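Undergrad: Predicted model and sequence below, questions to follow.
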Amino acid sequence: MNERLENRPCCMKRSSDRSGQTSIFRRFTAWGRPLQRRSWKKGARKGDRQGRQEAERQASLGIRRQTLLRLLRRRFGELPPDAEAIVQQADNADLLDAWLDRVVTAKTFEQVGIGR
C-alpha cells in the first residue's frame, strides 16, 4: 500500500506537515497567490483611477470657486463677509456654474443668489 502512495504524482500526495496542512492544500494556496496579486493590482488601478477622478473634480471645483470670487469682486467690489465662505464651501459644480452664469447678468450682488 505504501508503494501505491509513493507512485502518485507529488500534487496528489497527502503527506502532512507540522501545521496539519496537506501538500495539496499548500499547492492550491500557492496557485491562488498569483490570482490574489492580480486582484490586488486590479483593485489598486481602480483605486488610482477613482483617486485621479476625485482630484480632477476637486481641481475643477477650485477653479470655479476662484473664478466666481474674482468676478464677484470685480463686478460688485467688496463682498459680504459670509459670501466668500459660502462660495468656498460649495461642492456642487452645477450650483457654482449657475452662480457664474448669474454674475454676468446680475445688476446687484443679491441677484446672483449667493447666501439665500
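TA: Now that the structure is in, tell me what you want to look at.
Undergrad: Count the neighbours of residue 62 for me.
TA: Residues near residue 62, counting by other CB atoms under 10 Å, number 11. Where C-beta positions appear, they are placed from N, C-alpha and C, glycine not excepted.
Undergrad: can you tell me the helix or strand for it?
TA: helix 23-76 (DSSP states H and E).
Undergrad: so how many other residues sit close to residue 61?
TA: 16.
Undergrad: I'd guessed it sits against residue 88; true?
TA: No. Using CB atoms under 8 Å, residue 61 is not in contact with residue 88, being 10.0 Å away.
Undergrad: list the buried ones in stretch 109-116?
TA: Applying a neighbour-count criterion of 16 or more other CB atoms under 10 Å, one finds 109, 112, 114 buried in stretch 109-116.
Undergrad: where are the low-confidence patches of the chain?
TA: Counting by pLDDT under 70, the chain contains low-confidence ranges at 1-44, 116.
Undergrad: could you redo the last one with a cut-off of 90?
TA: For the chain, the stretches with pLDDT under 90 are 1-57, 59, 80-81, 115-116.
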